[in-house]
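J.: From the sequence below, what's the structure:
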Amino acid sequence: MRLRIALIAPLVLACGLAGPGVSNPPTAGPTPEATLTEAPTLAPTAPPTAAPTDSPPTDALEGPPDGLLAADGDPVAGQLGSFCWGDTCADGPFPRKDQLPILEASAGSELTLALGDETEFVDWSAVYAARSNDGGTELGTGEGPATTATFSSPPGGDWVIRVFVRFSDGDASYAWHVSVP
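T.: Predicted structure coming up:
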């Protein structure tokens, strides 16, 4: 029995099976069995295929229409903020003022909001503020049903205008960076 243990112990140590704390002596180089003579070959594989799934309805993926604000010229599409549209609701803060679409307006000019596909809304409110997350000063409110809303521009300055519209079955908020010289 002692002879067997004496022969097995060096073999266990040489194979690295002696356990933690026991190190194997370094070897001088690869053994002939470990030397590669040919590069391994890989068998071609078929590309993975996705299991068929039911696509969600298109209207569930879409949000409210673009909010377009015009001042003495072409309308500018606003940044969509929080909304509920169809079965989808999304919350989120508006980006910083320097990340919003820019609209230039004259002091005292009229601004007109329309929705991209002439969607009717029930009511609306517009405010302006120095930054995206400031409370804001009211520019106007209105009740509908309507497809446009008109209100006066803020005084001279560099502003964020936020407009909130409510639909019969949802709502949406939009924002612009408005420069009033």
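J.: what number of residues lie near the closest residue to Asp98 other than its chain neighbours?
T.: Distances taken as Cβ to Cβ, 6 or more residues apart in numbering place His177 nearest to Asp98, at 7.0 Å, with adjacent residues excluded. All C-beta atoms are positioned from the backbone trio N, CA, C, and that covers glycine. Neighbour count for His177, taken as other Cβ atoms under 10 Å: 22.
J.: What helix or strand is His177 located in?
T.: For His177, the host element (DSSP states H and E) is strand 170-180.
J.: Adjacent strands (with direction) for that strand?
T.: strand 79-85 (antiparallel), strand 102-104 (parallel), strand 157-167 (antiparallel) (DSSP bridges).
J.: quick one, which of these is nearest to Ala126?
T.: In terms of Cβ to Cβ, the element of those nearest to Ala126 is strand 157-167, at 4.6 Å.
J.: one step back: just the mean pLDDT for the strand holding His177, thanks.
T.: Strand 170-180 shows a mean pLDDT of 97 in the predicted model.
J.: What is the burial count for the residue nearest to Gly81 when sequence neighbours are not counted?
T.: Excluding the flanking residues, the one nearest Gly81 by Cβ to Cβ, 6+ apart is Ser173, at 4.0 Å. Ser173 is flanked by 19 other residues according to other Cβ under 10 Å.
J.: Hmm, Ser173 is touching Trp85, no?
T.: No. Using Cβ atoms under 8 Å as the test, Ser173 is too far from Trp85 to be in contact (11.7 Å).
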